[in-house]
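Visitor: Here is a sequence with its predicted model. Questions after.
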Amino acid sequence: MTLWLLVRRSLRQHLLSTVVTALSLALAGGLLMSVWVVKRQARATFTGQTGAWDAVLGARGAKLQLVLNALFHLEASAGNVLFADYQLVASNRAVALAIPIAVGDNYLGYRIVGTLTNLFTDAEAAPGRRFRLREGGRWFEDGYREAVVGSFVAQRLGLKPGDTFKPYHGLNFNPKEQHDDEYVVTGVLEPSNTPADRVLWIPLAGLQNMSGHAAATATDVSAVLVKLRSPLAGQQLDLLYNKQGDRLTLAWPLGAVLAQLFDKMGWFDQVLELVAYLVALVAAGSVLASIYNSLSARRRDLAILRALGARRTTVFASIVLEAAAVAALGMVMAWGFYAGILTAVSAVIRAQTGVVLDPWAWDPVLVVAPLALVGLGAVAGVLPAFKAYATPVAENLAPPS
Amino acid sequence: MALLEIENLLKTYRTPDGRRLSVVDVPEFRLEAGEQVALSGPSGTGKTTFLNLIAGILTPDSGQVRLDGRDLAALSEPERDRQRASVVGYIFQTFNLLQGFTCLENVLLGMSFGPGADRGRARGLLERVGLGDRLDYFPRQLSTGQQQRVAVARALANRPKLVLADEPTGNLDPGHAAQAMDLIRGLCLEQGSALLLVSHDPSVLGRFPRCESLARLNRASRTEVQP
C-alpha cells in the first residue's frame, strides 16, 4: 500500500512529464505491436488467399509475377496463354478445376478481369467460402456485355445493378483510351475480403473481343487458375510445364511462390522493427531522464521519507515501480495507438490489394510487447532509483533556501 | 536502565580546506522513559545534529547512543531505520510534511514504516489535534499552526517511546507556540512517551522541569580536532 501510494502521488505531482513520457512509450509500443501484427497477418492472409487454388498456369516468366497478376490482380501479365493450352490443362485428369482469366482493361483504374461464370459457381472465394451476390443481383451471362462488380469497387464507384460503364484500355486508367463497348452491371459481390473485391468481372469473351483488342490474340487468355486433385498432381504438372516444357510456367505450390514475396520484403520488416526498437529505447531513455531530473526537486521528500523510517530499499523500489507504472500507463495508451495504426494500415492494404487485415485479431505480441516495455521501463528506473537510494538524509531535510 | 544513554558521542565534519571540526562532543547524557527534557542553545550549537544522531539519521564518529536498550552503532542501517520508525517520533522545525500527500496520508505514511498503517488511529490523532475536518487537505492548504499539528500527529502516530522535537515552535507566533507546546507535552504524557526538545525560546524552555544547556553539554562548539 505504501509503495503504491508513493508512486501514485509522485505520478500525480509530475503529471505533465508522466503523460508525455507515457505517450512516447505508447507510440513505441503501438509501433512494435503494429509491425509484428502486420507482418504476421499479412503473410498469413496473403498466403491464405491462394487456398482456393493450387496453381496458376501462365506464359513463361516469373512465378511470383504470375501469381500476383492472376490471384492478386497486381502487376502486369507476363504474356498470353493459348486457349488450347487452357483446354489441355482443364482436361488433364490430375486437374479438378481450371478457370481461365484475361486481363488488359480497367474502369477508372480498377482492373477488369474476363472469366467464366463457373469461377463464381464452382470455385471458392477462399477455403470453405463461396462467392455470393448481394440481394437483387445475378451472375453475368457468358457472351453478353454484363459485369459483376467486386464489393470494394462498387463501394468506391457507387456501382449497382443496372448501371452501365465503358471500360478503358490497359491496366492503368487513361481517359483517352476508352472502349466503345458498354457493360451493364448485373450484380455486386458480397465482400469476400479477397482481391476479388477490387475487380470488375466480365465474361471472358467480352474482354477477348473488346473493341480495339488485337484480333490475332482474341482467343488467348492471360492465365489459368488451377485446382488439383492431389499434391502429387502438382509434381506431375510441374514436371510437364516447368522442367520439360519451355513455353509456359506453372506457379506451384502457391504458398512457396508467395513466400518469395515476403522474403523479398524481409529487409523492409527488419527496418520497421529496428525503427520500433529504437523508438522503444528512446522512450525508455525519456523515462530515465524525466525521473532522474525530477529527483533534484524530490530530494527533500526522499529525505523526509527516510527520516520517517523508510528503508533505502523502499525508496529504491518506489522509483523503479514509478518507472514501471509510467510504462504501464503508456502501454494502456499503446493499444489505442496500435488500433489506430493497424486500422489505417489495413485500410491501405485493402485498397491496394483487396486483402483485409483484422486489427482486433488476437496475437501474442499484443501482450508480450507491452510486458517487455513495462520491463524496459522498470530497468530505465534503476539508475534514478540508485540516485534516490543514495540520497543523504540529514543534509536534505532542511527546506531549500 | 534509562531510555536513552549517550556516552562520549563525537561527530565531526570535514571542511572544504581539509580541517576536521567537531560539531557534537557530548561525554554523557541520559533520559528516562516518559521524562520530558528541554535543551537550550542558540543557533549553530549542534542541536539538530545531536537529535539526528539520537534518531540514527546520522552516525557518530565515535561514542555510543543506546536507545531503548539497543546500541545504534551495533545496528545495521535497515535496523536503525526500523528502530527510528517504531521507537522515535520526530517533530522538525520546518515540519517536513510531504506536500503531495494529504494530512491523513502524511500520518499514515509515518505509521506504515513502523508497526503498520492504522487509519482509525491516524484519523483519531488528527481529530485530537483539532484537524478532524482537514483530513483530506494538502499541507499547502493549511495554516502554519495547522501544519505543525499534523507534524505532531505524525510524530506520535506510532506511540514512540521517544519524541524528538527540533525547535517545534520556531515558526509559530507566541500564542500558537504556547498552544503547540501544551499539545506536544500533553500527548507525550498521555502516551507515556519521553520528550527531548531543543529550543532557544525561553518561554518554551520555562515549561520544562528539566532544562539543560546544550552549550554546556556539548564540548564541541565547532572546535578543530586532530585526525
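Guide: Received the coordinates, thanks.
Visitor: quick one, what contacts the residue in chain A positioned nearest to chain B?
Guide: Residue nearest to chain B within chain A (C-beta to the nearest C-beta): residue A:309, separated by 2.4 Å. All C-beta spots, glycine's among them, are computed from the backbone N, C-alpha and C. By C-beta atoms under 8 Å, 6 or more residues apart in numbering or on different chains, residue A:309 lies in contact with B:81, B:82, B:84, B:85, B:86, B:110, B:113, B:114.
Visitor: same thing but 6 Å
Guide: Contacts for residue A:309 (C-beta atoms under 6 Å, 6 or more residues apart in numbering or on different chains) come out as B:81, B:84, B:85, B:113, B:114.
Visitor: Check residue B:164 too.
Guide: With C-beta under 6 Å, 6+ apart, residue B:164 has these contacts: B:51, B:55, B:90, B:196.
Visitor: export the residues you listed to CSV and tack on pLDDT?
Guide: Formatted as CSV, the contacts of residue B:164 follow (pLDDT from 0 to 100):
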residue, pLDDT
B:51, 94
B:55, 95
B:90, 95
B:196, 96
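Visitor: From residue A:314, how far off is residue A:93?
Guide: Using C-beta to C-beta, to the nearest Å, residue A:93 is found at 79 Å from residue A:314.
Visitor: Over to residue A:75?
Guide: From residue A:75 to residue A:314 the distance is 64 Å (C-beta to C-beta).
Visitor: Residue A:300 contacts residue A:396, correct?
Guide: Yes. Using C-beta atoms under 6 Å, residue A:300 is in contact with residue A:396, at 5.4 Å.
Visitor: Around chain B, pick out the residues from the stretch 1-150 of chain A.
Guide: Within the stretch 1-150 of chain A, the positions lying close to chain B (C-beta under 6 Å from any C-beta of the partner chain) are A:2, A:9, A:13.
Visitor: Tell me the secondary structure at the second one.
Guide: Three-state secondary structure (criterion: DSSP: H, G, I helix; E, B strand; the rest coil) places residue A:9 in helix.
Visitor: Nearest residue to it in space, please, no chain neighbours.
Guide: Leaving aside its sequence neighbours, residue A:9 sits nearest to residue B:100 (C-beta to C-beta, 6 or more residues apart in numbering or on different chains; 4.5 Å).
Visitor: Pairing-wise in the sheet, spell out the partners of the spatially closest residue to residue B:160 that is not a sequence neighbour.
Guide: Among residues not flanking residue B:160 along the chain, residue B:89 sits closest, at 3.8 Å (C-beta to C-beta, 6+ apart). Note on residue B:89: beta-bridge partners residue B:163, judged by DSSP bridges.
Visitor: Pretty sure residue B:89 sits against residue B:163.
Guide: Yes. Between residue B:89 and residue B:163 there is a contact under C-beta under 6 Å: 4.4 Å.
Visitor: Tell me which of the two has more neighbours.
Guide: A count of neighbours by other C-beta atoms under 10 Å in any protein chain shown puts residue B:89 above the other of residue B:89 and residue B:163, at 32 against 24.
Visitor: what's the spacing between that one and residue A:293?
Guide: Taking C-beta to C-beta, one finds residue B:89 at 34 Å from residue A:293.
Visitor: Same question for residue A:300.
Guide: 16 Å.
Visitor: give me the number of residues near residue B:23?
Guide: With other C-beta under 10 Å as criterion, residue B:23 counts 22.
Visitor: Leaving out sequence neighbours, find the closest residue to it.
Guide: residue B:46 (4.5 Å).
Visitor: try residue B:192
Guide: That would be residue B:34: by C-beta to C-beta, 6+ apart, it lies 5.2 Å from residue B:192.
Visitor: same check, this time on residue A:251
Guide: Residue A:251's closest residue in space is residue A:63 (C-beta to C-beta, 6+ apart), at 4.0 Å.
Visitor: That neighbour: how many residues sit nearby?
Guide: 21.
Visitor: Surely it and residue A:257 touch.
Guide: Yes. The pair residue A:63 and residue A:257 qualifies as a contact (C-beta under 6 Å) at a distance of 4.7 Å.
Visitor: what is in contact with those two at once?
Guide: residue A:251.
Visitor: Any idea how many residues pack against the residue nearest to residue A:34 when sequence neighbours are not counted?
Guide: Spatially, and ignoring its direct neighbours in sequence, residue A:34 is nearest to residue A:341 (4.2 Å; C-beta to C-beta, 6+ apart). Counted with other C-beta under 10 Å, residues neighbouring residue A:341 total 19.
Visitor: what pLDDT does the closest residue to residue A:192 other than its chain neighbours get?
Guide: Using C-beta to C-beta, 6+ apart and skipping the chain neighbours, the partner closest in space to residue A:192 is residue A:125 (4.1 Å). The model reports residue A:125 with a pLDDT of 84.
Visitor: Now the helix or strand of chain B with the lowest mean pLDDT: buried residues?
Guide: Ranked by mean pLDDT, DSSP states H and E, the helix or strand of chain B with the weakest confidence is helix B:214-217, at a mean of 83. The neighbour-count check on helix B:214-217 (16 or more other C-beta atoms under 10 Å in any protein chain shown) flags B:214, B:215, B:217 as buried.
Visitor: Just want to check the distance between residue B:215 and chain A.
Guide: The spacing between residue B:215 and chain A, counted by C-beta to the nearest C-beta, to the nearest Å, is 21 Å.
Visitor: Residue B:209 now?
Guide: Separation of residue B:209 from chain A (C-beta to the nearest C-beta): 28 Å.
Visitor: That residue: how many residues sit nearby?
Guide: For residue B:209, using other C-beta under 10 Å, the count is 8.
Visitor: and what of residue A:4?
Guide: Residue A:4: 11 neighbours (other C-beta under 10 Å).
Visitor: from memory the residue nearest to residue B:23 sits against residue B:218, does it?
Guide: Yes. Between residue B:46 and residue B:218 there is a contact under C-beta under 6 Å: 5.5 Å.
Visitor: Can you pull the poorly scored residue ranges out of the stretch 201-350 of chain A?
Guide: For the stretch 201-350 of chain A, applying pLDDT under 70 flags the ranges A:215-216.
Visitor: and if you look at chain B?
Guide: B:221-227.
Visitor: Can you tell me what sits against the longest helix anywhere in it?
Guide: Longest helix of chain B, by residue count under DSSP state H: helix B:174-191. Contacts to helix B:174-191, defined as C-beta under 6 Å, 6+ apart, come from residues B:145, B:148, B:152, B:156, B:159, B:163, B:169, B:172, B:195, B:204, B:207.
Visitor: Taking the centroid of chain B, which residue is nearest it?
Guide: In chain B, the residue lying closest to the centroid (C-alpha atoms, centre = their mean) is residue B:164, at 2.2 Å.
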